[in-house]
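Visitor: Need coordinates for the following:
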Amino acid sequence: MCKTSLFAAAVAALVLIGIGTWFGVRTFTATGALAGSADKPPAMMTGAKGPPTSHYDDFEIVVH
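Guide: Below you'll find the model as predicted:
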């Protein structure tokens, strides 16, 4: 009985921590920057840049 109660208390605590984190992330996330850039798709497509380039050569994989 004691082990079951301890397990139930641990599960309840983890659920509450998960719900609190979920609400906290949703509440304090800055969405203004995302909404401002996503409301003009044509402007985003015309101002797009190329993909980032690598500044080094990766010689880790060598095929003989």
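Visitor: separation between Val25 and Gly50?
Guide: Separation of Val25 from Gly50 (Cβ to Cβ, to the nearest Å) stands at 32 Å. C-betas here are computed from N, CA, C, even on glycine.
Visitor: scratch that, Lys3
Guide: 59 Å.
Visitor: Compare neighbour counts for Val25 and Gly50 and give me the winner.
Guide: Val25 (9 against 5; other Cβ atoms under 10 Å).
Visitor: Can you say which helix or strand has that one in it?
Guide: In the assignment (DSSP states H and E), Val25 maps to helix 2-28.
Visitor: Buried residues of that helix, list them for me.
Guide: Residues of helix 2-28 include none that count as buried (16 or more other Cβ atoms under 10 Å).
Visitor: Let's test this: name the helix or strand in the protein with the lowest mean pLDDT.
Guide: helix 32-38 (a mean of 55; mean pLDDT, DSSP states H and E).
Visitor: Stretch 23-40: end-to-end distance?
Guide: Taking Cα to Cα, to the nearest Å, stretch 23-40 runs 29 Å from one end to the other.
Visitor: quick one, what contacts Thr4?
Guide: Not one residue lies near Thr4 by Cβ atoms under 8 Å, 6 or more residues apart in numbering.
Visitor: Check it and give its pLDDT.
Guide: Thr4 is assigned 89 on the pLDDT scale.
Visitor: That one and Lys40: what is the separation?
Guide: Taken as Cβ to Cβ, the span from Thr4 to Lys40 is 56 Å.
Visitor: One more: Val25?
Guide: Applying Cβ to Cβ to Val25 and Lys40 gives a distance of 26 Å.
Visitor: same check, this time on Phe7
Guide: With Cβ to Cβ as the criterion, Phe7 and Lys40 are 52 Å apart.
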